[in-house]
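Q: make a model of this:
(one chain, ligands or ions: 2)
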Amino acid sequence: MGTPIVVSAPGKVLIAGGYLVLDPAYSGLVVSTSSRFYTVIRAETSTTSRICVRSPQFTNATWDYNVSSVAAQVTVEPSPENASKNKFVHLALQKTITLAVEVKGASSVKDILSKGTDIAIVGGNDFYSQRAQLEARNLPRTLESLSKLTPFAYTGVELANVHKTGLGSSAALITSLVSALLVYLQVIPESSLTEGDNQGRRLAHNLAQYVHCFAQGKVGSGFDVAAAVFGSHLYTRFQASVIQPLMDDQVVPLFPVISPSNSEWNYNIGDFKLPPLTRMMLADVDAGSDTPSLVGKVLKWRQESRDTANALWTTLDSLNQELAKTLLQLSELYSRNEKAYIDVVTHAASLSASEWSTLTMSKDPVISAFVKVRNTTESIRGKMREMGTLCDVPIEPIEQTKLLDACVSLPGVIGGGVPGAGGYDAIWLLVFDPPGSSEELPSERVGGLWQSYTELDVSPLLASESMAKGARIEKLADIAGLKEAVGSA
Ligand SMILES: Nc1ncnc2c1ncn2[C@@H]1O[C@H](COP(=O)(O)OP(=O)(O)O)[C@@H](O)[C@H]1O
Ligand SMILES: C[C@@](O)(CCOP(=O)(O)OP(=O)(O)O)CC(=O)O
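A: Residues are numbered from 1 along each chain as shown. Ligands and ions are numbered 1, 2, ... in the order given. Now for the predicted structure:
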């Protein structure tokens, strides 16, 4: 058996721009997470072109597919013996193979698939709640305990019953699977996923967006797939009409629509990353909310109260843009004068935001920029709460307001908010992460607060920002626990 193709894709956190990002007139700030989905593809040595897809973290999660062809039409059919269905996986296989046949020709694709294919898919523990695993091992809900869990741990349940944490498992799964298949079927070279923005990566993006929309039965904003493909960025959505011709499953060629040269793909991936020596922290607050129903109510309010909504969205958008600009500016200030930047971070890390002005360097551009990040995140929270009240939707419900207020008043916490659509789902924070500090780190202070917090059931996630830009080729042996998790074919 040859070397497997391994492709990973990160999860996402929409730190600003929830709801607005659904409209191409506005943008969203999306951070990709160090927690990733991995797809491992290996050729088998059988005599049939069967494709076996396995998700070893779940029970009853092996899906066999038979590949058949009539002339240039290749069809992927789930085996009747499968214990469960997986629409997302099935569509990813069918659409990617169809596209590969269009681009490379049926004989090339049939040849690659002729001896059978084994595909294993796993997601980092952060994608699924680890509350039960921690309880079973009598471990407190801390980052330290999470780091002790087996990577890609077995969840003990069927996929349909797993408790998701909101990092965008289906988008990361589809992106890693579609991208790995495109490489395996030689539609794009491996370099597409080792280098930054390029045509191969864009092809993977367009196809993953289409498959994800098709599997979900609706065209969302797509920020989650864009983060899985490109990493952290400032996202402006594509117009839904680009994939409309393919949404009703009419048999039309995919490539003319999916191709990166189709100018109707008008999404924009703007530069964005979190500043050096800061750390994003995430916690799941376990109450959960139904994003589509929140979205429905907010959009209905926008229809009915056009003027109020447009005024609010214009203000929110300028705050979101300000936040993106200031965070980026901090990276620039770091590269211009590393020492001055490190000094600010080291000092401010032990002070609450109200004390930052007492720093001798308070007029410093770095401290001013952090003050602006703080004020802007607080204003965004205020406007999101206002929108929630106007639409009667719990975007930042009072319980989360209390939790966030307690977090952002801790020394070393820069700001935070509710990610994405909000609701009783999760919170994000940005904290200082000073180098070589002997004092308690801001992340440890936050961890302590979360552990002792009683009004909400707060459970931390291990993820921080992914520094690697989006989907990428991996080596099986380089990822701790991956070889063991995917087992042998
Ligand atoms: N680890 C996995 N292995 C295989 N399929 C998965 C896995 N995780 C998610 N999926 C697929 O994604 C679907 C979940 O989609 P959805 O509930 O929309 O998730 P999300 O809220 O993460 O977008 C599942 O029904 C399944 O088809
Ligand atoms: C409202 C939104 O703009 C953002 C929702 O972001 P979430 O991160 O809350 O999404 P889920 O993954 O569905 O939980 C809808 C969208 O952009 O599609």
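Q: C-alpha from now on. contacts and neighbour counts both.
A: OK.
Q: beta partners of residue 30?
A: residue 14, residue 233 (DSSP bridges).
Q: and it, how many neighbours?
A: 28 (other C-alpha atoms under 10 Å).
Q: isn't it right next to residue 235, touching?
A: Yes. With contacts counted by C-alpha atoms under 8 Å, residue 30 reaches residue 235, the gap being 7.0 Å.
Q: residue numbers of this protein in contact with ligand 1?
A: 55, 86-88, 121-123, 168-171 (C-alpha under 6 Å from any ligand atom).
Q: same thing but at 5 Å, please
A: 55, 86, 88, 168-170 (C-alpha under 5 Å from any ligand atom).
Q: that older thread, what do residue 30 and residue 235 both touch?
A: Common neighbours of residue 30 and residue 235 (criterion: C-alpha atoms under 8 Å, 6 or more residues apart in numbering): residue 223.
Q: hmm, back to that, quick one: which of the residues of the chain next to ligand 1 has the most company?
A: Most crowded among these, counting by other C-alpha under 10 Å, is residue 169 at 25 neighbours.
Q: residues contacting the residue nearest to that one when sequence neighbours are not counted?
A: Ranked by C-alpha to C-alpha, 6 or more residues apart in numbering and with sequence neighbours excluded, the top spatial neighbour of residue 169 is residue 127, at 6.2 Å. The contact partners of residue 127, by C-alpha under 8 Å, 6+ apart, come to 11, 35, 164-169.
Q: just flag the most distant two among the residues you listed.
A: 35 and 164 (13.3 Å; C-alpha to C-alpha).
Q: these two: which is more packed in?
A: Set residue 35 next to residue 164 and count neighbours by other C-alpha under 10 Å: residue 35 wins out with 24 against 17.
Q: how about the one residue in the stretch 301-450 of the chain that gets nearest to ligand 2, secondary structure?
A: Residue nearest to ligand 2 within the stretch 301-450 of the chain: residue 420 (3.4 Å; C-alpha to the nearest ligand atom). With DSSP: H, G, I helix; E, B strand; the rest coil as the basis, residue 420 sits in coil.
Q: isn't it up against residue 16?
A: Yes. Shown here, residue 420 and residue 16 form a contact pair, counting by C-alpha under 8 Å, at 7.1 Å.
Q: which of these two has more neighbours?
A: Per other C-alpha under 10 Å, whichever of residue 420 and residue 16 has more neighbours is residue 16, with 31 against 25.
Q: show me what contacts the more buried one?
A: For residue 16, the residues meeting the contact criterion (C-alpha under 8 Å, 6+ apart) are 28-30, 320, 380, 419-420.
Q: spell out which residues of the stretch 1-150 of the chain are next to ligand 2.
A: Residues of the stretch 1-150 of the chain lying near ligand 2 (C-alpha under 5 Å from any ligand atom): 18-19.
Q: all strands for the stretch 1-150 of the chain, in order.
A: With DSSP state E, counting those that start in this stretch, the ranges of strands along the stretch 1-150 of the chain come out as 5-16, 28-43, 51-54, 62-70, 73-78, 117-123.
Q: contact partners for the closest residue to ligand 1 within the stretch 101-250 of the chain?
A: In the stretch 101-250 of the chain, the residue that lies nearest ligand 1 is residue 169 (3.7 Å; C-alpha to the nearest ligand atom). Taking C-alpha under 8 Å, 6+ apart, we find residue 169 in contact with 11, 37, 123, 127.
Q: ditto for residue 81
A: If you count contacts by C-alpha under 8 Å, 6+ apart, residue 81 has none.
Q: next one: it from residue 66, what distance?
A: 11 Å (C-alpha to C-alpha, to the nearest Å).
Q: where in the stretch 1-150 of the chain is pLDDT low?
A: Filtered on pLDDT under 70, the stretch 1-150 of the chain yields the residue ranges 1.
Q: go through the lengthiest helix in the chain and flag the buried ones.
A: If you go by DSSP state H, the chain has its longest helix at helix 306-336. Across helix 306-336, burial judged by 16 or more other C-alpha atoms under 10 Å covers 309, 313, 316-317, 319-324, 326-331, 333-334.
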